[in-house]
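> prediction below, plus the sequence it came from.
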Amino acid sequence: MTAPLRQAWDHPAQPRPIVLIGTGGIAHDAHLPAYRKADLPVYGVYDPDQDRARALADAFGIGTVFPTLADAAKADAVFDVAAPPVAHLAILEALPRGASVLLQKPMGLDLDAARAIRNAVHARGQTAAVNFQLRYSPMMLALADCLARGDLGTLLEIEVHLNLATPWHLFPHLIPNPRVEIVSHSIHYLDTIRALAGNPSGVFARSFGYPGSPLADTRTTILLDYPAPLRVTLSINHHHDFARQFQDASFRLEGTEGAALVKLGLLLDYPVGEPDELWIVRRGSEWQQVPLQGRWFPDAFLGPMCNLQRFASGEDTHLATHVDDAWQTMALVEACYAAARASAFPIPQD
């Protein structure tokens, strides 16, 4: 671990202007701060709520507020769609053939919607990726680099553990959704695990609501089926509202030669958050903290846009979260919900 671990995606040599479609909280808190930090040019914004669009444009010094989606689609730009997933298909069909498009996650709310989005992108010859940004965060890029170097040896364990109090009142749009936790939150972890370890062959899962919560599901257990010796589990509880002391948000990886622990600081006291952390240890040594060069929010949001622009220009040969890859994450989400409906193996009674 002598050489620095990779923590950022290379920027495009000649950044193209960005048109932002959707001006909600995630655009204000993550997309635009990330682009400003990297000097990526944002040409204009569009939102059906024109007052909100103008307010965001004023806050970030953006000169153009498009009055309609059709006007926004005429721009010679990369389109950053930060709109709800139910709107993605209609937006794609309004954007030019051959356009470069970054879609906010999730890729629809179920696999049928994801399939329709993927098919539309192919039919229109668009270059489109989904903003599964956790895998692009400094901590996860560094962790992926650590694995690629073989610093942990043969990978044996991946465990995602969340036990915290998520302020669900910040997301009232989720209340009517029949699916919440896995497709809106744990999808980050499922996508990142796929990026680190590839696709599992199957899943076991349960997801539950919480007494008094208006949301469909906010507590989840998932076991991903990989060939031995790899064991992968997720234990997610968004309702541990019993003081900070034993709250946790972490990824733990163990291999034959070392281990790593990631603290997802953003989720502790969200949206203010605590610092993200990455710790790595080699067998027989002491734990060492890796200094991180940014946070999940906003820095991870640079990666998908930089990768998309570099892929479109030929600088990158691989688009990591292309809609074809993102569809596989959505297929894993769908499998989790199907597994959650399936009966457990019965215990013999005699």
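Perfect, thanks for sending it.
> domains in the chain, by residue range?
Per automatic domain parsing, the structural domains of the chain span 18-134+301-322, 136-296.
> how about the helices in the stretch 251-350 of the chain?
In the stretch 251-350 of the chain, the helices defined using DSSP state H, counting those that start in this stretch lie at 302-313, 323-341.
> residue boundaries of the strands in the stretch 1-150 of the chain?
Per DSSP state E, counting those that start in this stretch, the stretch 1-150 of the chain carries strands over the ranges 18-21, 42-46, 64-65, 78-81, 100-104, 127-131.
> make JSON lines from those and add mean pLDDT, distance to residue 54 and mean neighbour count to it.
For the C-beta atoms, the positions are set from N, CA and C on the backbone; glycine is no exception. Output for these, formatted as JSON lines (pLDDT from 0 to 100; distance: least, C-beta to C-beta, whole Å; neighbours: other C-beta atoms under 10 Å):
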{"stretch": "strand 18-21", "mean pLDDT": "98", "distance to residue 54": "13", "mean neighbour count": "27"}
{"stretch": "strand 42-46", "mean pLDDT": "98", "distance to residue 54": "9", "mean neighbour count": "23"}
{"stretch": "strand 64-65", "mean pLDDT": "98", "distance to residue 54": "5", "mean neighbour count": "18"}
{"stretch": "strand 78-81", "mean pLDDT": "98", "distance to residue 54": "18", "mean neighbour count": "25"}
{"stretch": "strand 100-104", "mean pLDDT": "98", "distance to residue 54": "21", "mean neighbour count": "25"}
{"stretch": "strand 127-131", "mean pLDDT": "98", "distance to residue 54": "24", "mean neighbour count": "26"}
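> take these and lay them out in JSON lines including distance to residue 295.
Formatted as JSON lines, the strands of the stretch 1-150 of the chain follow (distance: least, C-beta to C-beta, whole Å):
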{"stretch": "strand 18-21", "distance to residue 295": "21"}
{"stretch": "strand 42-46", "distance to residue 295": "21"}
{"stretch": "strand 64-65", "distance to residue 295": "29"}
{"stretch": "strand 78-81", "distance to residue 295": "20"}
{"stretch": "strand 100-104", "distance to residue 295": "19"}
{"stretch": "strand 127-131", "distance to residue 295": "16"}
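> so which of those strands comes closest to residue 142?
Of all the strands of the stretch 1-150 of the chain, strand 127-131 sits nearest to residue 142, with 20.0 Å by C-beta to C-beta.
> okay, angle between the closest one and helix 302-313 too, please.
170 degrees (axes from the mean of the first three to the mean of the last three C-alpha atoms, to 10 degrees).
> which residues does strand 127-131 contact?
If you take C-beta atoms under 8 Å, 6 or more residues apart in numbering as the criterion, strand 127-131 is touched by 92, 98-107, 121, 301, 304, 307-308, 311-312, 319-323, 326, 329.
> narrow the residues you listed to those that are buried.
Neighbour-count burial (16 or more other C-beta atoms under 10 Å) applied to the contacts of strand 127-131 gives 92, 99-107, 121, 301, 304, 307-308, 311-312, 319-323, 326, 329.
> now residue 35, nearest residue through space, not along the chain?
residue 42 (5.6 Å; C-beta to C-beta, 6 or more residues apart in numbering).
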